[in-house]
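Visitor: With the sequence up front, the predicted model follows.
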Amino acid sequence: AQSVTQPDIHITVSEGASLELRCNYSYGATPYLFWYVQSPGQGLQLLLKYFSGDTLVQGIKGFEAEFKRSQSSFNLRKPSVHWSDAAEYFCAASEGGNKLTFGTGTQLKVEL
Amino acid sequence: GAVVSQHPSRVICKSGTSVKIECRSLDFQATTMFWYRQFPKKSLMLMATSNEGSKATYEQGVEKDKFLINHASLTLSTLTVTSAHPEDSSFYICSAPFPGVGNEQYFGPGTRLTVT
C-alpha cells in the first residue's frame, strides 16, 4: 500500500541551528512529493514540491528538500532555523495529482 | 498564488443539528476538491473526494449519509455534517488541485467544528 512515513514525531532545535526533517515514501513509482507547514489552528502552506528533474528543490522561507530515489526519501532541510519556523510539518505524496497521502507530521519546536 | 477559502472558520453547534461548511477556490476552477479531517496533534485523514457534477467518492470508513458533500459549481464544494454529535468535533480542511503539472493542491484555512 502507498504510504508516507515521517519517523520523527517531535524535533527540538536551537534557533540558528540547522534542521533536517525526514520523510520516506512507499509507492510503486516515484510519486509527486510535497512538504507542507501548518501553524496551530491554520490550514496548510506548501513549502516546496518535487515532480521531476533536479533532485534538490528550493522552497519558500529558506527551506530545501532533496529527493533520493535510492533511499525513497525526500528530506526537508534548512541551514538556520528561526523561532517563527516552529510549527507542524507534513510530508505528502500523490500520483499524478490525485489525492494526497500525508505522513503523520513532525512537530518542530525552536528553542531561543 | 491560488487561494482556497473556507467558511465558517469556527462553528459551534448542538448535538443533533446539521452544519454546512463551504470550500471555495477563489481564482481558479476545480472539478475536484478534497475534504480532510484532522484530529488534535494528528495528521490529515482524507474523508472524500468531491466531484463537480457527480457524486462524491468517500474513503473507506467514512459515512456518506453523515458527511454530505455537494460540488455545486467549479469553484464551490460544501460539506454538511448531519445530525452532529460531539465525536464529530474536529478540524475540517478542504483542498483543491490547481490545474497544471502535478495538480498541486491548495488548502483552505480549515474549519473548527465543536459539537456540544
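Guide: Good, I have the coordinates.

Visitor: Was I right to think B:Y58 contacts B:S50?
Guide: No. Counting by Cβ atoms under 8 Å, B:Y58 does not reach B:S50; the two are 10.1 Å apart. No exception for glycine: its C-beta is placed from N, CA and C like everyone else's.

Visitor: need the residues of chain B near chain A, please.
Guide: Listed as neighbours of chain A in chain B under the rule Cβ under 8 Å from any Cβ of the partner chain: B:4, B:6, B:34, B:41-44, B:46, B:49, B:91, B:93, B:95, B:97, B:101-110, B:112.

Visitor: from chain B, which residue is nearest to chain A?
Guide: When distances are taken as Cβ to the nearest Cβ, chain B approaches chain A most closely through B:N103, which lies 2.6 Å from it.

Visitor: re earlier: in helices only, show me the residues of chain B next to chain A.
Guide: Among the residues of chain B next to chain A, no member falls in helices (DSSP state H).

Visitor: do you know how far the residue nearest to A:Q42 when sequence neighbours are not counted is from A:G43?
Guide: In space, A:Q42 comes closest to B:P109 once its chain neighbours are excluded; the distance is 6.1 Å by Cβ to Cβ, 6 or more residues apart in numbering or on different chains. Distance of B:P109 to A:G43, computed by Cβ to Cβ, to the nearest Å: 4 Å.

Visitor: Give me the residues contacting the helix or strand of chain B with the lowest mean pLDDT.
Guide: For chain B, counting by mean pLDDT, DSSP states H and E, strand B:105-107 ranks last in confidence among helices and strands (a mean of 89). When contacts are defined by Cβ atoms under 8 Å, 6 or more residues apart in numbering or on different chains, strand B:105-107 is touched by residues A:36, A:43-46, A:94, A:97, A:100, B:1-4, B:25, B:34, B:93-98.
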